[in-house]
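Student: what's the 3D shape of this:
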Amino acid sequence: MENLEKYFRQVGSEPETGVLELDIGLSGGRSIALDQYHHQAFKIIRPHYLDDSGQVYYTIANPGGGYLGGDSYRIDINVQPGASALVTDQSAAKVYRTPGNYVVQNIDFSVEAGGVLEYIPDQLILYREADFRQNLVARVSSEGSLFISDVVTPGWAPDGSQFGYNQARLRNIIYVDDEPVVLDNIVIRPDDPGFAKELDFYMDGRTHFSTAICCDPGIDEDLFTLVQNEVKEYSSRFTDLNAAVTKLDKPGFMLRGLGNRTEHLLELTMLVANIVRAELRGQGKLHLRKY
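Tutor: This is a model prediction of the structure:
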């Protein structure tokens, strides 16, 4: 069997372009970073508290403005028992041309019993000749809660083509109590000669795609049905949006969306995240205050 790990490592011994490490715990009834480290291209903006739940809200910033060929990024976040964190980024992540090379981002999440981690970044924009590879591994307690998402969109190209990038490779692996629950491996290669020929097969004729995965012990049949119905209703508003929800083997679900507009996929992600927040924790809708 092919060793897929090679796709998520940079060749050579150059230092990582950006590193972020957070260890979130409880202190005085609120969640805080008991330990944090950021290096090079990644910075962390001062935390906020958006409600009275004690959940800490962190924004990751990349002052460099975009990802370039040869870049290597790493994000490690641990949420201790009873703590809660909401993490996003400052703006859309832009991957520029990576001629003869690629960008790698490795993400490692750990959520302990009673912990909550929501990771909801802005869209990832892949420009002409970009090659982006992300590997996300999450280890979640069966009594912990995880919500992760991503939205991938094609960037502007001089010839007006919608698929000017070379590759988008995103892999999500989730363990619940050390048992593998999700292995989701998306590989979109517009530089493959067969891609344009089979576009309707690969992307259902759409140009953008999104994923959201939630693991939480409180997700039962009623909540899953609610999410499913809300996704169906939202998708029916737009002729070019196609989305569906699937159950996981453990309490949880996975959402996949295909569309032609970034805002539709982002709104769909927020809709589902808000249902989980309201139904399981009594939290209000997300307002990420990116202004």
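Student: which residue, neighbours along the chain excluded, lies closest to Trp93?
Tutor: Careful, residue 93 is Ala and not Trp. Residue nearest to Ala93 in three dimensions, not counting chain neighbours: Leu124, with 4.9 Å by Cβ to Cβ, 6 or more residues apart in numbering. Where C-beta positions appear, they are placed from N, C-alpha and C, glycine not excepted.
Student: in contact with that neighbour, which residues?
Tutor: By Cβ atoms under 8 Å, 6 or more residues apart in numbering, the residues touching Leu124 are Ala92, Ala93, Val95, Phe132, Asp150, Val151, Val152, Thr153, Ala168.
Student: make JSON lines out of these and add pLDDT, distance to Ser110 and neighbour count.
Tutor: Rendered in JSON lines, the data for these read as follows (pLDDT from 0 to 100; distance: Cβ to Cβ, whole Å; neighbours: other Cβ atoms under 10 Å):
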{"residue": "Ala92", "pLDDT": "93", "distance to Ser110": "27", "neighbour count": "16"}
{"residue": "Ala93", "pLDDT": "94", "distance to Ser110": "23", "neighbour count": "23"}
{"residue": "Val95", "pLDDT": "96", "distance to Ser110": "27", "neighbour count": "25"}
{"residue": "Phe132", "pLDDT": "96", "distance to Ser110": "24", "neighbour count": "23"}
{"residue": "Asp150", "pLDDT": "97", "distance to Ser110": "19", "neighbour count": "24"}
{"residue": "Val151", "pLDDT": "98", "distance to Ser110": "24", "neighbour count": "25"}
{"residue": "Val152", "pLDDT": "97", "distance to Ser110": "25", "neighbour count": "24"}
{"residue": "Thr153", "pLDDT": "96", "distance to Ser110": "29", "neighbour count": "21"}
{"residue": "Ala168", "pLDDT": "96", "distance to Ser110": "26", "neighbour count": "24"}
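Student: show me what the helix or strand that contains Leu117 is packed up against.
Tutor: Following DSSP states H and E, the helix or strand that holds Leu117 is strand 116-119. Here strand 116-119 is seen to pack against strand 72-79, strand 84-89, strand 103-111, strand 145-154 when contacts are counted using 3 or more Cβ pairs under 8 Å, 6 or more residues apart in numbering; DSSP states H and E.
Student: could I get those as a markdown table with distance to Asn242?
Tutor: Putting these into a markdown table (distance: least, Cβ to Cβ, whole Å) gives the following:
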| stretch | distance to Asn242 |
| --- | --- |
| strand 72-79 | 30 |
| strand 84-89 | 25 |
| strand 103-111 | 27 |
| strand 145-154 | 14 |
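Student: what's the closest of those strands to Arg46?
Tutor: If you check each of the helices and strands packed on strand 116-119 against Arg46 by Cβ to Cβ, strand 84-89 wins as the nearest, at 13.7 Å.
Student: using CSV, write out every CA atom in that closest one.
Tutor: Extracted in CSV, the C-alpha atoms of strand 84-89 (Å, rounded to 0.1, in the frame of the first residue of the first chain):
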residue,chain,number,x,y,z
SER,A,84,-13.4,25.1,25.6
ALA,A,85,-11.8,26.9,22.7
LEU,A,86,-12.9,28.4,19.4
VAL,A,87,-10.1,28.9,16.9
THR,A,88,-10.2,30.6,13.5
ASP,A,89,-7.9,32.6,11.3
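Student: ok now the strand holding Leu117, how far from the chain's centre?
Tutor: Centroid separation for strand 116-119 versus its chain: 11 Å, with Cα atoms, centre = their mean, to the nearest Å.
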